[in-house]
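1. My questions are about this predicted structure, shown below with the sequence.
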Amino acid sequence: MFRVPVNTQSSGLVRYNEDTKEFHIQGKDFSYIFNILRNKQLGHIYYGKRIHHSESYSHLIVIEPKATSSCVYEGDLAFSLDMLKQEYPAYGTTDYREPAYQIHQKNGSRITNFEYKSHQIYDGKPKLDGLPATYTENGDEAVTLEITLHDKLIDMDIILLYTVYKELNVLTRSTKFINHGKLSLDLSRAMSTSVDFFDSDFEMIQLSGSWARERHLLSRPLRPGIQSISSTRGTSSTQQNPFVALKRKETNEHIGEVFGFSFVYSGNFLAQIEVDQYDVSRIMMGIHPFDFNWKLESGESFQTPEVVMVYSDQGINGMSQTYHKLYRTRLAKGEWRDKTRPVLINNWEATYFDFDEGKILTIANTAKDLGIELFVLDDGWFGNRDTDKTSLGDWYPNIQKLPNGIVGLAEKITKLGLKFGFWFEPEMVSKVSELYSQHPDWIIHVPNRHSSHGRNQFVLDFSRREVVDHIYERMSALLRAAPISYVKWDMNRYMTEIGSAGLPADRQKEVPHRYILGVYDLYDRLTSEFPHVLFESCASGGARFDPGMLYYAPQAWTSDDTDAIERLKIQYGTSVVYPLSSMGAHVSAVPNHQVKRSTSLETRANVAYFGMFGYELDVTKMPEEEKQQLRKQINFYKENRDIIQNGTFYRLKSPFEDAGNVTAWVVVSQDQKQAIAGYYQVLAKPNPGYSKLLLKGLNPDYQYKIEGKVGKRFGNELMNAGIIMDGEYSGLDAEGIDFGGDFSSRIFKMEAEI
Ligand code: DGJ
């Protein structure tokens with residue numbers, strides 16, 4: 001943490017005007033302005049495109065009497081908090097919109113009066129205790145503004161934390177509540193951010209779905225009243241991702257304004273937009289207040305997770321690229337953040353639970369021969385785990401399947417010249433297990449009530465330190481004993497009947513958040529102790545694909561759905577927030593196990609290339625001709641993975657628009673000298689017209705050679721005249737290359753010759 005107080009007036013990126021009591025945060029391309037109101041609460045003035053700094057913005061605040069409004073000061077019919085835009089709105093004092101926080105006091109009151117007390121501006125960004133968050137590596141990358149609000153009656157502070165990055169259009173926000181008073185307080189709502197936009201002329205973008213169809217991109221116009229997305233499942237979920245953006249109606253992938261809000265958290269969340277009677281849009285994001293309460297005894301504090309706000313006037317791609325860069329370089333952490341990711345093979349779809357050491361070694365042998373670098377042993381290696389009904393929690397190797405244990409297998413695989421990794425589901429227990437028989441009260445449950453299951457399993461109570469300690473002991477013992485390079489950390493069910501035997505009655509609503517803090521604690525201990533291990537998070541595929549996880553595990557299993565055509569939507573939607581370096585993407589067998597579709601090996605790879613690449617099939621059963629194809633694919637990926645992992649990604653054609661028949665994207669190297677585009681067609685059409693692929697992000701003045709095509713083309717030709725895709729639906733393309741049919745795809749590799 002770099003915490004050198006600059007001063008209270010200004011730091012270049014953050015200015016405070018003592019006379020007007022206005023704060024102006026100036027990011028790269030955006031301005032964020034707010035002030036101290038007459039009643040000493042904070043009012044919001046402006047969030048949008050960067051504007052020059054002026055002495056005062058008071059003319060942007062309208063205070064005038066309105067019929068039926070409730071007013072703060074007697075004799076004054078104009079000063080109503082309902083009419084004013086707020087920075088961190090309170091409950092019950094003339095603003096009727098939903099508040100950012102609510103505090104229940106011993107006497108039954110929920111009314112508070114938090115007034116501006118002080119602020120400081122300093123370089124860098126503080127850590128959030130026990131929580132994942134974006135960070136800086138050098139103090140001069142960002143500036144932080146910390147504002148303290150104080151309620152005299154209950155002697156409590158609220159600290160609003162703002163960090164603005166210099167080179168990126170990013171403003172992060174979080175909030176801390178500190179009870180200095182003598183009495184305990186109940187925090188029943190504690191949002192991380194709240195912003196009142198001047199108007200409601202926006203569409204809301206969300207990433208929604210379900211198992212096997214995660215993070216589909218949807219948008220809807222804002223309407224008066226509340227619109228929201230949320231999770232109350234105990235985890236961020238596949239149903240809604242903890243992300244929302246507001247875009248102008250004319251904004252598309254390439255042009256226009258968009259405001260992104262992404263929550264660095266893996267549990268219950270709420271993102272809501274309330275459009276009020278004057279078309280002001282209040283957006284807030286934080287831990288879901290439903291079934292939440294946090295007791296703050298005297299001297300205790302509560303830190304909310306962070307919201308990362310991104311501004312773009314370069315369309316949705318512009319917003320995504322900012323998220324990608326920030327999350328790839330200043331959220332993901334540890335050795336593996338920058339290290340080249342290995343091409344892996346995972347045995348799940350090849351064997352499910354039905355394997356033994358011999359089978360695993362034959363797959364590994366063939367994999368090595370094909371050029372694969374890492375073998376991942378999935379579910380089924382421990383306890384008596386031959387089905388999903390048993391053994392979670394018993395993290396001891398199954399000696400029938402693996403007579404030499406994990407250590408023996410890992411050593412054999414390492415000797416073949418492959419790295420070895422394996423699967424865990426640390427947060428779960430099966431009732432048929434030694435762990436459950438020894439500690440039946442270690443599951444999340446409510447005494448004397450039925451406990452429901454999900455996939456025959458129960459959620460361990462990670463709000464209890466001793467439970468986390470126990471799992472840490474088992475996992476770390478295995479990681480210490482064997483040459484392990486990778487861990488796939490799975491989590492396959494949502495919470496029900498939420499309660500903890502470790503907490504008193506008045507803290508039961510703290511369980512879901514304490515659980516997530518326990519998960520973060522375990523991740524923190526393991527990633528610190530085993531920095532050389534690559535962690536990949538997973539939750540029935542992508543049910544916990546969120547920035548909180550990304551902090552500890554730089555890649556995540558994007559979806560259990562490995563069908564190439566379904567993956568177009570999943571990967572396209574996921575890329576709205578998350579970088580390619582975070583998306584696990586594997587080639588699997590056909591007919592596909594999730595949707596029974598058959599696509600060519602080429603198309604399956606052409607989709608999986610745009611992620612952290614691997615295979616999930618039985619390579620020993622493939623004919624030699626296909627193995628040869630795999631060798632080529634692996635070589636191609638290895639040659640280009642630096643561009644894929646670290647390049648700039650542009651979505652070009654959306655699977656969610658125009659009937660979704662064509663998807664296209666391109667990733668461009670940092671120096672713009674290389675680019676790889678993917679073009680995908682779902683169904684062929686008879687006798688079609690012509691279309692072209694317009695690229696983005698190339699250097700207009702560089703001349704690019706496209707692999708397999710004659711001649712060179714300037715970047716500005718490729719971006720404006722494009723590549724003609726004639727013959728795309730049947731037969732040959734313009735250069736005579738065979739292309740077409742259902743589920744066909746093309747990869748264009750471009751290299752600048754300068
Ligand atoms: C769900 C994961 O998403 C799969 O990849 C696999 O690891 C199974 N769990 C194993 O139970």
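-> Looks like it arrived, so ask away.
2. Show the model's pLDDT score for the residue in the stretch 201-350 of the chain that the ligand sits nearest to.
-> Closest residue of the stretch 201-350 of the chain to the ligand, CB to the nearest ligand atom: Trp348 (4.6 Å). For glycine as for every other residue, the C-beta is placed from the backbone atoms N, C-alpha and C. With respect to pLDDT, Trp348 scores 98.
3. now swap in Asp738 and tell me
-> For Asp738, the model assigns a pLDDT of 58.
4. which ones are touching the residue lying closest to Ile36 once chain neighbours are set aside?
-> Computed as CB to CB, 6 or more residues apart in numbering, the closest residue to Ile36 that is not its neighbour in sequence is Lys21, at 4.0 Å. The contact partners of Lys21, taken as CB atoms under 8 Å, 6 or more residues apart in numbering, are Asn35, Ile36, Tyr116.
5. Mark which of those residues are part of helices, please.
-> Using DSSP state H, no member of the contacts of Lys21 sits in helices.
6. Mind checking which of those residues are in strands?
-> Among the contacts of Lys21, the members falling in strands are Asn35, Ile36, Tyr116 (criterion: DSSP state E).
7. If we check the ligand, which of these are in contact?
-> Among these, proximity to the ligand is found for none (CB under 6 Å from any ligand atom).
8. Buried members of these into PyMOL, please.
-> Restricted to buried positions by 16 or more other CB atoms under 10 Å, the PyMOL selection for these reads:
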select buried, resi 35+36+116
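9. any idea how far the residue nearest to Ile36 lies from the ligand?
-> 52 Å (CB to the nearest ligand atom, to the nearest Å).
10. repeat for Gln105
-> 45 Å.
11. So what's the residue count around that residue?
-> Gln105 sits with 18 neighbouring residues when counted by other CB atoms under 10 Å.
12. and the gap between it and Leu183?
-> Counting by CB to CB, to the nearest Å, the gap from Gln105 to Leu183 is 7 Å.
13. what do these two both touch?
-> With CB under 8 Å, 6+ apart as the test, Gln105 and Leu183 both reach Ile154.
14. near the ligand, which residues of the protein show up?
-> Residues of the chain found near the ligand (CB under 6 Å from any ligand atom) are Trp348, Asp378, Asp379, Trp423, Asp490, Asn492, Cys538, Ser540, Gly541, Trp557, Asp560.
15. now with 5 Å?
-> Counting by CB under 5 Å from any ligand atom, the residues of the chain close to the ligand are Trp348, Asp378, Asp379, Asp490, Cys538, Ser540, Gly541, Asp560.
16. from those, which single one is nearest the ligand?
-> Asp379 (3.5 Å).
17. residues touching the residue lying closest to the closest one once chain neighbours are set aside, list them.
-> Counting by CB to CB, 6+ apart, Asp379 lies nearest to Trp423, which is 5.3 Å off, once chain neighbours are set aside. Trp423 is in contact with Trp348, Val376, Leu377, Asp378, Asp379, Trp381, Val487, Lys488, Asp490, counting by CB under 8 Å, 6+ apart.
18. Determine the next helix or strand in the C-terminal direction from the helix or strand where Trp423 lies.
-> Taking DSSP states H and E as the definition, one finds Trp423 inside strand 419-424. With elements assigned by DSSP H and E, the helix or strand that comes after strand 419-424 is strand 428-430.
19. Show me what counts as buried in that following strand.
-> Neighbour counts over strand 428-430 (16+ other CB under 10 Å) mark Met428, Val429, Ser430 as buried.
20. Rebuild the residues you listed as CSV, extending it with pLDDT.
-> Rendered in CSV, the data for those read as follows (pLDDT from 0 to 100):
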residue, pLDDT
Met428, 98
Val429, 98
Ser430, 98
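21. In the protein, which residue is most central in space?
-> Closest residue to the average C-alpha location of the chain: Asp546 at 2.8 Å, with CA atoms, centre = their mean.
22. shouldn't that residue be in contact with Phe263?
-> Yes - look at Asp546 against Phe263 with CB atoms under 8 Å: they come within range, at 7.2 Å.
23. shared neighbours of those two, anything?
-> The contact sets of Asp546 and Phe263 overlap at Ser236, Pro242 (CB under 8 Å, 6+ apart).
24. So, low pLDDT: which residues of the stretch 401-550 of the chain?
-> Counting by pLDDT under 70, the stretch 401-550 of the chain has no low-confidence residues at all.
25. Same check on the chain?
-> 1-11, 726-739.
26. Select the longest helix from it.
-> Under DSSP H, the chain gives helix 624-646 as its longest helix.
27. so what does it touch, helix or strand wise?
-> Applying 3 or more CB pairs under 8 Å, 6 or more residues apart in numbering; DSSP states H and E, one finds that helix 624-646 makes contact with helix 357-370, helix 601-608, strand 612-616, strand 662-668, strand 674-681.
28. contacting residues for the residue nearest to the centre of the chain?
-> Going by CB under 8 Å, 6+ apart, Asp546 touches Ser236, Asn241, Pro242, Phe263, Val264, Tyr265, Ser266.
29. repeat for Asp469
-> By CB under 8 Å, 6+ apart, Asp469 lies in contact with nothing.
30. for His593, same thing?
-> Glu349, Thr562.
31. Same check on Leu217?
-> Leu217 neighbours (CB under 8 Å, 6+ apart): Ile205, Gln206, Leu207, Lys569, Tyr572, Gly573, Val576, Ser654, Phe656.
32. tell me the secondary structure for it?
-> The local conformation at Leu217, judged by DSSP: H, G, I helix; E, B strand; the rest coil, is strand.
33. nearest spatial neighbour of it, skipping sequence neighbours?
-> With CB to CB, 6+ apart as the criterion, Leu217 has its nearest non-adjacent residue at 4.5 Å, and that residue is Gly573.
34. Make sure the one you found is actually in contact with Leu207.
-> Yes - with contacts counted by CB under 8 Å, Gly573 reaches Leu207, the gap being 5.3 Å.
35. between the two, which one's more packed in?
-> More crowded of Gly573 and Leu207, by other CB under 10 Å: Gly573, with 27 against 24.
36. Which of the three states applies to the closest residue to Ser58 other than its chain neighbours?
-> In space, Ser58 comes closest to Thr20 once its chain neighbours are excluded; the distance is 6.2 Å by CB to CB, 6+ apart. Assigned by three-state DSSP, the conformation of Thr20 is coil.
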